[in-house]
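Give me a 3D structure for the following:
(2 chains)
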Amino acid sequence: MINDTKDLLIVKDNFFNKDIYEKILINLSTLNFVSRNVSLKESQMNEYESNKVYFNVKLNLTHFAVQEVSKLLSDYGFNLKKREHSYFLSGKHKEAFPHQDEGVLNCIVYLKGKELLNSGTGFYDRQKDELVLNRHIGFKENRAIMFDPKIFHSSLQFNEGAGTRYIMSNFFDRGKEKNE
Amino acid sequence: MSNFDIRIKDNFLEKKIFDNIYSKISYKSYSGSDNYQESASNGTKHIWFAVHTEDEIKDLITKKVEKVLNQKLTCGLCSYTMLQTAVSLVHNDYTPDVDYQCILYIKGTANIHKGTGFYVPNKDTNKLELNTHVGFYQNRVVIWGSKAYHSPMNFLAEDKSKRYSIICQFKKV
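Sure thing, here's the model as predicted:
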């Protein structure tokens, strides 16, 4: 059992099996993505939200893809509780916005887009009170990135050649599901 | 080909153990006589300077990597290494006896260009392209499935200082 997610970052290709992955791609094409600017209240907007234009679909905890992510993380040895899950569609943005999130593990799955170094996610180290990019994970379809949400991170869809991407984001807390 | 299974963990060793290794790693008797690997991208040879670690270090790292991977392992190779590469050396280290390998960065400059790059084949050209870039950071371990193509990234850094690390290769039990 992996109980310690502190300072951990995992990059896993072919995360979903072929059948589930294809089902997700079909699912993406049938859903109504809403502008994040509409779905968020003004009080929830921060600098990051206003800097980046993106669209999302919130997924409930019983959605097949959410259940699958939860199962795969359990196979990894993580003992976690589902919290918030969404599909996101985003385009190129202006600049990086390193930030932290709540919870004990984030799991981002890259779903659809060009396989580019500059369409992925950056992770930052604190060096002399400055945040410095020190891990740069490129975009690849069906790649999962699982990480400690306290590591400063940012979408890197602002560099040269960055493309549009669909991802699934999953936020987990510590603890078992109520029905398990 | 080149499917990533990469785990990166900072503050990998307890501070006291890390500090002890850090203080001694520059003074090992490194040898480069039999350590080389042919690059997949340009035919150059990846040469590094190495010396075996003590058994207790090998056992400690194996146990800690097992925890990160949630997998029992045997360690076939565990060496202190010193590197100051100036060219790109994309290769993989897969053999039937090597399922995973790791590098534990011990001493050097924290810099995205002093670490390890991972490559994927371009779908159109089938050439290997840099896709993921893990920077050097002291006491960071990078563990990966041994089929992944990778290269030390020092060739991109303006700072040509040496980096000291521990490298290990593992087979699943």
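
In which helix or strand does residue B:6 reside?
Using DSSP states H and E, residue B:6 sits within strand B:5-9.

same for that strand, what does it pack against?
Secondary-structure packing of strand B:5-9 (3 or more Cβ pairs under 8 Å, 6 or more residues apart in numbering or on different chains; DSSP states H and E): strand A:8-12, helix B:55-69, strand B:128-136, strand B:141-145. Using the backbone N, CA and C atoms, a C-beta is placed for each residue, glycine as well.

again, only this time at 7 Å
strand A:8-12, helix B:55-69, strand B:141-145 (3 or more Cβ pairs under 7 Å, 6 or more residues apart in numbering or on different chains; DSSP states H and E).

Tell me how many other residues crowd residue A:82.
20 (other Cβ atoms under 10 Å in any protein chain shown).

what sits against it?
By Cβ atoms under 7 Å, 6 or more residues apart in numbering or on different chains, the contact set of residue A:82 is A:61, A:66, A:70, A:172, A:177.

what's the closest non-adjacent residue to the third one?
I take that to be residue A:70. Of all residues not flanking residue A:70 in the chain, residue A:82 sits nearest, at 5.7 Å (Cβ to Cβ, 6 or more residues apart in numbering or on different chains).

Could you list the contact residues of chain B toward chain A?
Residues of chain B lying close to chain A (Cβ under 7 Å from any Cβ of the partner chain) are B:3-11, B:70, B:110, B:112, B:120, B:123, B:130-135, B:137.

ChimeraX command for the buried members of the residues you listed?
In ChimeraX, this line selects whichever of those come out buried by 16 or more other Cβ atoms under 10 Å in any protein chain shown:
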select /B:4,5,6,7,8,9,10,110,112,120,130,131,132,133,134,135,137
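
on that earlier part again, could you measure the residue nearest to residue A:70 against residue B:156, distance?
Noted for residue A:82: a distance of 40 Å to residue B:156, by Cβ to Cβ, to the nearest Å.

Just the strands from chain B, written as ranges.
B:5-9, B:36-38, B:45-47, B:49-52, B:73-83, B:100-107, B:111-121, B:128-136, B:141-145, B:149-152, B:163-172 (DSSP state E).

Same question for chain A.
Along chain A, counting by DSSP E, strands occupy A:8-12, A:34-35, A:54-59, A:80-90, A:105-113, A:121-127, A:130-137, A:143-147, A:153-155, A:165-174.

Please name the strands paired to the first one in the sheet, noting orientation.
Same thing as strand A:8-12. Using DSSP bridges, the strands paired with strand A:8-12 are strand A:143-147 (antiparallel), strand B:5-9 (antiparallel).

residues contacting the residue minimising distance to the centre of chain B?
Residue closest to the average C-alpha location in chain B (Cα atoms, centre = their mean): residue B:103, at 3.2 Å. By Cβ under 7 Å, 6+ apart, the residues touching residue B:103 are B:116, B:142, B:165, B:167.

Apply 10 Å and report the result again.
With contact taken as Cβ atoms under 10 Å, 6 or more residues apart in numbering or on different chains, residue B:103 is in contact with B:81, B:83, B:115-116, B:134, B:136, B:140-144, B:150, B:152, B:163, B:165-168.

Over to residue B:19?
Contact partners of residue B:19, counting by Cβ under 10 Å, 6+ apart, are B:13, B:139.

quick one on the thing from earlier: turn the strands of chain A into JSON lines, including mean pLDDT and distance to residue B:93.
Below are those laid out as JSON lines (pLDDT from 0 to 100; distance: least, Cβ to Cβ, whole Å):
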{"stretch": "strand A:8-12", "mean pLDDT": "96", "distance to residue B:93": "18"}
{"stretch": "strand A:34-35", "mean pLDDT": "85", "distance to residue B:93": "46"}
{"stretch": "strand A:54-59", "mean pLDDT": "91", "distance to residue B:93": "39"}
{"stretch": "strand A:80-90", "mean pLDDT": "90", "distance to residue B:93": "32"}
{"stretch": "strand A:105-113", "mean pLDDT": "96", "distance to residue B:93": "26"}
{"stretch": "strand A:121-127", "mean pLDDT": "92", "distance to residue B:93": "24"}
{"stretch": "strand A:130-137", "mean pLDDT": "94", "distance to residue B:93": "21"}
{"stretch": "strand A:143-147", "mean pLDDT": "97", "distance to residue B:93": "21"}
{"stretch": "strand A:153-155", "mean pLDDT": "91", "distance to residue B:93": "29"}
{"stretch": "strand A:165-174", "mean pLDDT": "93", "distance to residue B:93": "31"}
